[in-house]
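In: Please work out how this folds:
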Amino acid sequence: MVEPAASFQQYLNGAGLKGTRQRELVVRTFFNLGRHVSAHDLYGVVRRRNKRIGLVTVYRTLKLLRDAGLAEERRFTRDFSLFEPKPRRHHDHMICLRCGKIVEFENETIEMLQEEAAQRAGFRIVTHKLELYGKCGKCQARA
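Out: Residues are numbered from 1 along each chain as shown. Next up, the predicted model:
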C-alpha cells in the first residue's frame, strides 16, 4: 500500500501543483492525528511546529486531500467541516449534540438492512453515510 503522503504527492504532480514543506507538514500532522479534525484545530497543532503556516494553507491542503480521495470531509453541524483520513473500512457516526463527541461504529445488520431497502426500491447504493445525533453517556449523566 502506498503511504498517504506519497499518494498526495502523486496527486499534486498530476494536478500540476507543487509539494511544499508547509503542505508536507500539514499532511504529516493530519495523518498522525488520525482522527476527525477541523481546519482550525489542525492549524493550532501545525502552528506549534511552524509559525509561518497560515490557516488558509491548512484549509486548502485539507481540501486537496479530500479531492485526492485521501480524506473525507464531514459536516456534522452547520458551523464547520471536520476532516478525517479516508477510512480503510466503511463506518458510521454517532455525534453528541451537547459536547460534540464523535463515536465511530460499524454494524453489519444496519448495512444489510440498507442494502435490502435499496433493492426493494430498485435502487443501487453508490455511497452513503449514517449519522446519529443525541447525547453521549457523560452528557446524559450531567442532565
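
In: Now do the SS call for residue 5.
Out: Here residue 5 is helix, with the state taken from DSSP: H, G, I helix; E, B strand; the rest coil.

In: what bridges to the residue nearest to the spatial centre of the chain?
Out: Closest residue to the average C-alpha location of the chain: residue 84 at 2.1 Å, with Cα atoms, centre = their mean. Beta bridges link residue 84 to residue 72, judged by DSSP bridges.

In: Is it in contact with residue 37, as I believe?
Out: Yes: using Cβ atoms under 8 Å, residue 84 is in contact with residue 37, at 7.4 Å. C-betas here are computed from N, CA, C, even on glycine.

In: pLDDT below threshold where in this structure?
Out: Applying pLDDT under 70 to the chain flags the ranges 1-2.

In: Where do the helices of it begin and end?
Out: Counting by DSSP state H, the chain has helices at residues 4-14, 21-33, 39-49, 55-67, 108-120, 137-142.

In: Would you convert those helices into TSV that also reports mean neighbour count and distance to residue 88?
Out: Below are the helices of the chain laid out as TSV (neighbours: other Cβ atoms under 10 Å; distance: least, Cβ to Cβ, whole Å):
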stretch	mean neighbour count	distance to residue 88
helix 4-14	16	11
helix 21-33	18	13
helix 39-49	16	21
helix 55-67	18	16
helix 108-120	11	16
helix 137-142	11	27
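
In: circling back: look up how far residue 91 lies from the residue nearest to the centre of the chain.
Out: To residue 91, residue 84 is 10 Å away according to Cβ to Cβ, to the nearest Å.

In: Which one of the helices of the chain lies nearest to residue 97?
Out: Of all the helices of the chain, the one in closest proximity to residue 97, counting by Cβ to Cβ, is helix 137-142 (8.1 Å).
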